[in-house]
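# All I have is the shape, not the residue letters:
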Ligand code: 2AM
Ligand code: CA
């Protein structure tokens, strides 16, 4: 295994232990509001510190972009970290959230880890080597059309007040005969797309830490990832569409 992936896994597992410990005493969690339905807790911050410390003790010269503490350092190598993707789920005791860590080299993802500490599911990949769920290789589902597909999406509740484009896309997908989930963790939606639990996923209004790891895991599982305009700017544009090539094409048609 690539040593950098090994460090990412070590960091994610350590953060996961802290999440599980903290989830048993949610009443002790200190919660701050970042915006409408957008929260951060002491657990997010602690996990982020654990991850950054683990990475920097192995690679002190690397740069970091982390959801809660922002940018640290400058380097061709940049770790993009979401200590808890699905914070609202975590705070509500709804067991669907994950740790997400990606290593970028010159803005291209090279290593990725998504860890669901509740289900003890570790999604990993190194660019060019395929992706795994725990020790098993994963592939995107070979679903031909939206009809009978299982899709996921999310809404940027904090940054949007007009949900009509989103609701229209959902309406169109339902009319094609697809079913839809909305689970509150974009990173897990991408991991589930990679391993074929979902056929596709789209969302607008996301940040790099929500998608950097999951998008590489989808690609390494044989899927494709674009933004809503069909370009590769999904790490910066905020919109993302993922699935096998046929599903992404069909979803882009619906969304556009
Ligand atoms: P979070 O739990 O790490 O904040 C839910 O639709 C998705 O949107 C989750 O991945 C959630 O990640 C993310 N999200 C929540 N607030 C966000 C924000 N302010 N900017 C971008 N993504 C956000
Ligand atoms: Ca988060």
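Sure thing, it's come through. Source: prediction; values computed, not measured. Ligands and ions are numbered 1, 2, ... in the order given.

# List the residues that contact residue 245.
223-224 (Cβ atoms under 8 Å, 6 or more residues apart in numbering). Backbone N, C-alpha and C define where each C-beta goes, glycine included.

# Which residue does the stretch 151-256 of the chain have closest to ligand 2?
The minimum distance from the stretch 151-256 of the chain to ligand 2, using Cβ to the ion, falls at residue 209 (6.8 Å).

# Quickly check: the helix or strand hosting that residue near ligand 1 or not.
If you go by DSSP states H and E, residue 209 is part of helix 208-220. Yes - applying Cβ under 6 Å from any ligand atom, one finds helix 208-220 touching ligand 1 at residue 210.

# Direction included, what does whichever helix or strand comes after that helix pair against?
Note on helix 208-220: by DSSP H and E, the next helix or strand toward the C-terminus is strand 224-226. The pairing partners recorded for strand 224-226 under DSSP bridges are strand 240-243 (antiparallel).

# so when I look at residue 146, I'm seeing a helix, right?
No - counting by DSSP: H, G, I helix; E, B strand; the rest coil, residue 146 is not part of a helix but coil.

# That one: what's it in contact with?
Counting by Cβ under 8 Å, 6+ apart, residue 146 has contacts 173, 176-178, 199-200, 247, 250-251, 254.

# which residues sit in contact with residue 147?
Contacts of residue 147 (Cβ under 8 Å, 6+ apart): 176-178.

# do you know how far the residue sitting nearest the centre point of the chain is from residue 96?
Nearest to the mean C-alpha position of the chain, by Cα atoms, centre = their mean, lies residue 187 at 1.7 Å. Distance from residue 187 to residue 96, counting by Cβ to Cβ, to the nearest Å: 11 Å.

# any shared contact partners between those two?
Common neighbours of residue 187 and residue 96 are listed as residue 86 (criterion: Cβ under 8 Å, 6+ apart).

# that older thread, the residue nearest to the centre of the chain contacts residue 100, correct?
Yes - Residue 187 is in contact with residue 100 according to Cβ atoms under 8 Å; the separation is 4.1 Å.

# Now do the same contact list for the residue of the stretch 151-256 of the chain closest to ligand 2.
Shown in contact with residue 209 (Cβ under 8 Å, 6+ apart): 65-67, 80-82, 85, 100.

# Could you pick out the buried ones from those?
Taking 16 or more other Cβ atoms under 10 Å as the criterion, what is buried in the contacts of residue 209 is 65-67, 80-82, 85, 100.

# now, which of those lie within strands?
65-66, 80-82, 85, 100 (DSSP state E).

# among these, which are in reach of ligand 1?
82, 85.

# and the closest residue to residue 119 other than its chain neighbours, what element?
What sits nearest to residue 119 in space, not counting adjacent residues and going by Cβ to Cβ, 6 or more residues apart in numbering, is residue 95, at 7.8 Å. Using DSSP H and E, residue 95 is not contained in any helix or strand.

# so residue 95 touches residue 86, yeah?
No - counting by Cβ under 8 Å, residue 95 stays clear of residue 86, with 9.5 Å between them.
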